[in-house]
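[1] Coordinates for the following, if possible.
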Amino acid sequence: MELSSSKQPQHSLRGGLPPWKERRLKEVMRSQLSCKLPLERLAMESGLSIRHLTRVFKQSTGCTPHRYLLGLRLERARELLLSPVIRLNDIAIACGFNDQSHFTRVFGAVEKMSPGTWRRLHSPAGASTA
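    Numbers count the residues shown, from 1 in each chain. As a prediction, the model looks like this:
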């Protein structure tokens, strides 16, 4: 979930993450999509307190670590939904949601349609096995 360059906050001398720390945290998030990723882990990776990490991450990216991670999970889910043979439950688990119901609620809140409907509209095959 990269923000476009026109919307991306500028790093100032007074706050935000150094670019290398931001890249590292995003790398950790991408590699842990299917796992629980507590803020404590991200704070440890960055060498910052949870409170400070949350503040400077938002300053650098425009969203909280949780919101950024959620965006990455939904991005990956959309990629997986393009394959009609992967079950919705398997996509939910692969993307770090508790279960298919949780995935459907979150996906629906963002996309304004269910994952199954999104799949039918976007899948080249136009079929769903879930």
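[2] Report the rounded mean pLDDT for stretch 65-82.
    For stretch 65-82, mean pLDDT is 97.
[3] Using CSV, write out every CA atom in it.
    Written as CSV, here are the backbone C-alpha positions of stretch 65-82 (Å, rounded to 0.1, in the frame of the first residue of the first chain):
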residue,chain,number,x,y,z
PRO,A,65,1.1,0.8,11.4
HIS,A,66,-2.2,-1.2,11.9
ARG,A,67,-3.9,0.6,9.0
TYR,A,68,-0.9,0.2,6.8
LEU,A,69,-0.7,-3.5,7.6
LEU,A,70,-4.4,-3.9,6.9
GLY,A,71,-3.9,-2.2,3.5
LEU,A,72,-1.1,-4.7,2.7
ARG,A,73,-3.3,-7.6,3.7
LEU,A,74,-6.2,-6.4,1.5
GLU,A,75,-3.8,-5.8,-1.4
ARG,A,76,-2.6,-9.4,-1.1
ALA,A,77,-6.1,-10.7,-0.8
ARG,A,78,-7.1,-8.9,-4.0
GLU,A,79,-4.2,-10.6,-5.8
LEU,A,80,-5.3,-14.0,-4.4
LEU,A,81,-8.9,-13.4,-5.3
LEU,A,82,-8.0,-13.3,-9.0
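[4] Now name the helix or strand holding the closest residue in space to N98 that isn't next to it in sequence.
    Nearest residue to N98, sequence neighbours excluded (C-beta to C-beta, 6 or more residues apart in numbering): A92, at 7.8 Å. C-betas here are computed from N, CA, C, even on glycine. According to DSSP states H and E, A92 maps onto helix 88-94.
[5] All set, thanks.
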